[in-house]
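**Q** take a look and give me a structure for this.
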Amino acid sequence: MRNSPLSARRPRIASYAISLACAALMSAAVLPAGAASASTGDDAADQSVVSVQTVRVQRAVIAQPVRAYGIVAASASNLTTVNLPYLARIVQMRVQAGQSVTRGTPLFVVQADPAAVLAATQAKSAVTLAQGELARTQSLYDKGLATQSQLATARKAADDAQQALAAQNQTGVASGNKVIAAPIDGVVLQVSAAQGDQVQPGAAILQLAGGSGRDARANVTLGVEPSDVSAIHAGDTVTLHGLSTSLAKAAVDGHVVLVGASVDQQSQLVNIGANVPLGQSAFIPGTRVGADIATRSGTHWVVPRAAVLKDDKGAYVFQITPQNKAHRVAVVTQVENGDRYGVDGPIDGAQGLVVSGNYELKDGMTVRAAGGAPR
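**A** Predicted structure coming up:
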């Protein structure tokens, strides 16, 4: 049987077809790989520089505030009652309720009852008489004309007269008019007597609510959550804020003088006593206020809250080196104050601190500060 020309060509055609198919497969394998490699390079180039925003950082005093609410002059220990230990008549009242006074300010003028003045005069005379009698008895005793018992009796009489006079002097009784001054800085809370009234010994004439920085007693009672009490100590700074619309922008500073040791059964809060020099401020007695108590005060790196990140290794921040590289710095958060943190760690105050774009950063990554140099 003869072989046809077509039969002789089939092996060569098949060989060419196989060669073409191999070349096509190789092209298909090489070209996409090259294209993928180029694409990966482009993505790496896009991600190699991250745009960030930075701020300058510095060490400063920062405290963690504890919020509290209370009322001005709510503490009974803050009230001072002004009275007299003798019968007297009010000649002139020089203050009125609601008036602010300083220590030494004249409050009213009184005139002691004649009987009280007479008693004070008699006490002075009794001392003079007793001292003269003691001197005479001592002279007689020295001459052997008086006994030891007589001398002892004269000495006792002189001592008794001195003590009686001292008691009269403590009352402050004096003839004529006498000005009674304010014993502390504060506000006249209540006036119980009027001009011309005769007041009995020990009767309240007026009441003062202390409020000066020199008066160490509490003039503001605040309530805080029991969980916050452990952070509050005597001496911590207190800043009062008004709760009403008219006092929304009013603020005055003082300090903690008393930290309660039990929970108030009505409010379920712990009472904190604060002394705040109210002076001529709008916080008159009875005003309800809010307060921020500065606790855990100390010097730390003060950074924005947005700058601090956390992962399984702890808290950290990113700073920008002079070579425009991201540098991860481990920190410990010591204080939280609103949108600021007080942190400790090996922070470089000369390098910018990243506050935006830090979520995209890794240690050593090249960065570009938005707007040029760090702000």
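**Q** wait, a strand at residue 252?
**A** Yes. Membership of residue 252 in a strand is supported by DSSP: H, G, I helix; E, B strand; the rest coil.
**Q** what comes up buried for stretch 51-67?
**A** With burial defined by 16 or more other Cβ atoms under 10 Å, the residues of stretch 51-67 counted as buried are 52-54, 57, 62-66. Bear in mind the C-beta positions are built from the backbone N, C-alpha and C, glycine included.
**Q** residue ranges with poor pLDDT in this structure?
**A** For the chain, the stretches flagged by pLDDT under 70 are 1-48, 73-78, 210-217, 279-280, 371-375.
**Q** domain assignment for it?
**A** Structural domains assigned to the chain are 49-59+299-369, 66-75+212-298, 76-210, following automatic domain parsing.
**Q** so what does the host helix or strand of residue 151 touch, helix or strand wise?
**A** Counting by DSSP states H and E, the element that carries residue 151 is helix 148-171. Counting by 3 or more Cβ pairs under 8 Å, 6 or more residues apart in numbering; DSSP states H and E, the packing neighbours recorded for helix 148-171 are helix 114-142.
**Q** I'd like the distance from the helix it packs on to the chain centre, please.
**A** Its chain's C-alpha centre lies 59 Å from the corresponding centre of helix 114-142 when counted by Cα atoms, centre = their mean, to the nearest Å.
**Q** list the buried residues of that helix.
**A** Using 16+ other Cβ under 10 Å as the burial criterion, the residues of helix 114-142 that qualify are 116-117, 119-120, 123, 126-127, 130, 133-134, 137, 141.
**Q** relative orientation of that helix and helix 148-171 in degrees?
**A** Taking axes from the mean of the first three to the mean of the last three Cα atoms, to 10 degrees, one finds that helix 114-142 is oriented at 150 degrees with respect to helix 148-171.
**Q** elements contacting helix 114-142?
**A** With contacts taken as 3+ Cβ pairs under 8 Å, 6+ apart, helix 114-142 sits against helix 148-171.
**Q** dump the C-alpha coordinates for the helix or strand that the helix it packs on is followed by into PDB.
**A** In the C-terminal direction, the helix or strand that comes right after helix 148-171 (DSSP H and E) is strand 177-181. Backbone C-alpha positions of strand 177-181 (Å, rounded to 0.1, in the frame of the first residue of the first chain) are rendered in PDB as follows:
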ATOM      1  CA  ASN A 177     -19.700 101.700 123.600                       C
ATOM      2  CA  LYS A 178     -17.700  98.700 122.200                       C
ATOM      3  CA  VAL A 179     -17.200  97.700 118.600                       C
ATOM      4  CA  ILE A 180     -17.500  93.900 117.900                       C
ATOM      5  CA  ALA A 181     -15.500  92.800 114.900                       C
END
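**Q** please, which helix or strand holds the nearest residue to residue 306 once chain neighbours are set aside?
**A** Distance criterion Cβ to Cβ, 6 or more residues apart in numbering; nearest residue to residue 306, sequence neighbours excluded, is residue 355 at 4.9 Å. Element membership of residue 355, judged by DSSP H and E, is strand 352-356.
**Q** please save the CA atoms from that strand in PDB.
**A** What follows is the C-alpha trace of strand 352-356 in PDB, where atoms were taken according to Å, rounded to 0.1, in the frame of the first residue of the first chain:
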ATOM      1  CA  GLY A 352       7.200  65.400  66.400                       C
ATOM      2  CA  LEU A 353       4.500  63.200  67.900                       C
ATOM      3  CA  VAL A 354       2.200  61.500  65.400                       C
ATOM      4  CA  VAL A 355      -1.500  62.200  66.100                       C
ATOM      5  CA  SER A 356      -3.100  61.400  62.800                       C
END
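**Q** what does that strand contact?
**A** Contacts to strand 352-356, defined as Cβ atoms under 8 Å, 6 or more residues apart in numbering, come from residues 52-57, 303-304, 306-307, 317-320, 326, 347, 361, 367, 369-370, 373-375.
**Q** now stretch 170-186
**A** Counting by Cβ under 8 Å, 6+ apart, the neighbours of stretch 170-186 from elsewhere in the structure are 80, 82, 84-86, 91, 100-112, 116-117, 119-121, 205, 208-212, 214-215, 219, 277.
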